[in-house]
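Enquirer: sequence unavailable; structure follows:
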């Protein structure tokens with residue numbers, strides 16, 4: 001039987017680490033777990049350097065199930081693109097920004113987590 005509470009905590013920790021990594025790069029976090037019914041959810045939406053970033057964060061405790069970025073498949077990418085269109089439509093003041101889709105791979109190691117921001121992942 002799986003521990004969904006543990007998986008949720010792991011995912012939230014990964015999102016916290018990803019948000020901190022973006023902040024360290026000078027980005028401003030606009031949204032976390034931005035959900036639109038019928039479209040989907042973006043883990044992070046941030047802006048910096050003239051670019052609106054829609055980021056999918058995948059956190060793993062190991063590599064047993066493959067790398068985190070391998071989990072962002074075609075249907076998930078399509079939902080994130082639709083979500084970005086919706087977000088920009090709702091926030092017209094951001095229509096000037098370039099849009100980038102990142103995947104943030106967070107791997108929890110024995111001593112410290114490893115955060116890898118894969119820019120323009122798709």
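Expert: Cool, the structure landed. Given the structure is predicted, the values throughout are model-derived calculations rather than measurements. Residues are numbered from 1 along each chain as shown.
Enquirer: tally of neighbours for residue 121?
Expert: 17 (other C-beta atoms under 10 Å). (C-beta placed from N, C-alpha, C; glycine too.)
Enquirer: per-residue confidence for it?
Expert: Residue 121 is assigned 90 on the pLDDT scale.
Enquirer: next one: residue 30
Expert: 97.
Enquirer: tell me which element it is part of?
Expert: Taking DSSP states H and E as the definition, one finds residue 30 inside strand 28-36.
Enquirer: partners of that strand, with directions?
Expert: Partner strands for strand 28-36, per DSSP bridges, with pairing direction: strand 40-48 (antiparallel).
Enquirer: sorry, back to before: and the strand holding residue 30, which residues are buried?
Expert: 29, 32, 34 (16 or more other C-beta atoms under 10 Å).
Enquirer: swap in stretch 47-66?
Expert: Quick answer for stretch 47-66 (16+ other C-beta under 10 Å): 52, 53, 54, 55, 56, 57, 58, 59, 60.
Enquirer: repeat for stretch 107-118
Expert: Neighbour counts using 16+ other C-beta under 10 Å place 107, 108, 115, 117, 118 of stretch 107-118 among the buried residues.
Enquirer: contacts for it?
Expert: 10, 13-14, 17-18, 21-22, 25, 55, 59-63, 68-69, 102-106 (C-beta atoms under 8 Å, 6 or more residues apart in numbering).
Enquirer: buried ones among those residues?
Expert: Buried members of the contacts of stretch 107-118, counted by 16+ other C-beta under 10 Å: 10, 14, 17-18, 21-22, 55, 59-60, 68-69, 102-106.
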